[in-house]
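Novice: Just to be clear, the model below is a prediction. Sequence and coordinates:
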Amino acid sequence: LGLGNTCFTRPELFPGDIVEYPRNKYFSHFGVYYGERDGVPYVAHLTCRDSDTKLLLYGRALRSEVKLDPLELLGKKYKVNNMLDDTHPPRDFHGVVKPAIEDMMGREVTFDILFHNSEHQATLFRYGVKKSEQIDEIYEYIMPAWKKLFKEKQL
């Protein structure tokens, strides 16, 4: 099911797969492959409604939501990254994941880079577990910097 596919090409996608879009050296954006509508492949993903980059800069955006967007609207480079398949069984797409996505669409969600980002949302849909490996990897580096900003009341 696309496991081990590390290059960003056009992998074969199955409904419920986690799709990873590289954004920069540290971060990727994640969604869940939803399937096709009228021949167009769609991805469900957590996205910010606000264009307030200051909120995002400090890791929070209060007005976010789960949206369905065409797969390639989010980026031409992507890969399947079902990162927890070895430790967590994927949930049934049609019975559990698809209804969960449809239930979340349009609801206001607080985006939080540490606790509820697009990767957390994708793993929550696929596995029923919130996990962000990219945050786990950089947490030890960003926390000291953020603590300093909090102390100096800049955050």
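Specialist: Structure's in. What do you need?
Novice: mind checking how far stretch 26-38 is from the chain centre?
Specialist: Offset of stretch 26-38 from its chain centre (CA atoms, centre = their mean, to the nearest Å): 8 Å.
Novice: hey, C-alpha coordinates of that stretch in CSV?
Specialist: Output in CSV follows, covering the C-alpha atoms of stretch 26-38 (Å, rounded to 0.1, in the frame of the first residue of the first chain):
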residue,chain,number,x,y,z
TYR,A,26,11.5,20.6,8.7
PHE,A,27,7.8,20.4,7.9
SER,A,28,5.4,18.6,5.7
HIS,A,29,1.7,19.1,5.3
PHE,A,30,-0.5,15.9,5.7
GLY,A,31,-3.9,14.8,4.5
VAL,A,32,-5.9,11.6,4.1
TYR,A,33,-6.7,10.4,0.6
TYR,A,34,-10.5,10.5,0.3
GLY,A,35,-10.9,9.0,-3.1
GLU,A,36,-12.2,10.4,-6.4
ARG,A,37,-15.2,12.6,-7.1
ASP,A,38,-16.0,13.0,-10.8
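Novice: give me every residue that touches the nearest residue to Gly128 once chain neighbours are set aside.
Specialist: Excluding its sequence neighbours, the residue lying closest to Gly128 (CB to CB, 6 or more residues apart in numbering) is Arg91, at 5.7 Å. Every C-beta, even on glycine, is put in place using the N, C-alpha and C of the backbone. Counting by CB atoms under 8 Å, 6 or more residues apart in numbering, Arg91 touches Gly16, Val97, Phe125, Arg126, Tyr127, Gly128.
Novice: State the distance from the second one to Asp17.
Specialist: Read that as Val97. 10 Å (CB to CB, to the nearest Å).
Novice: Which one of the two is surrounded by more residues?
Specialist: Asp17 (26 against 23; other CB atoms under 10 Å).
Novice: one step back: quick one: which of the contacts of Arg91 is nearest Phe111?
Specialist: Set against Phe111, the nearest of the contacts of Arg91 by CB to CB is Phe125 (15.4 Å).
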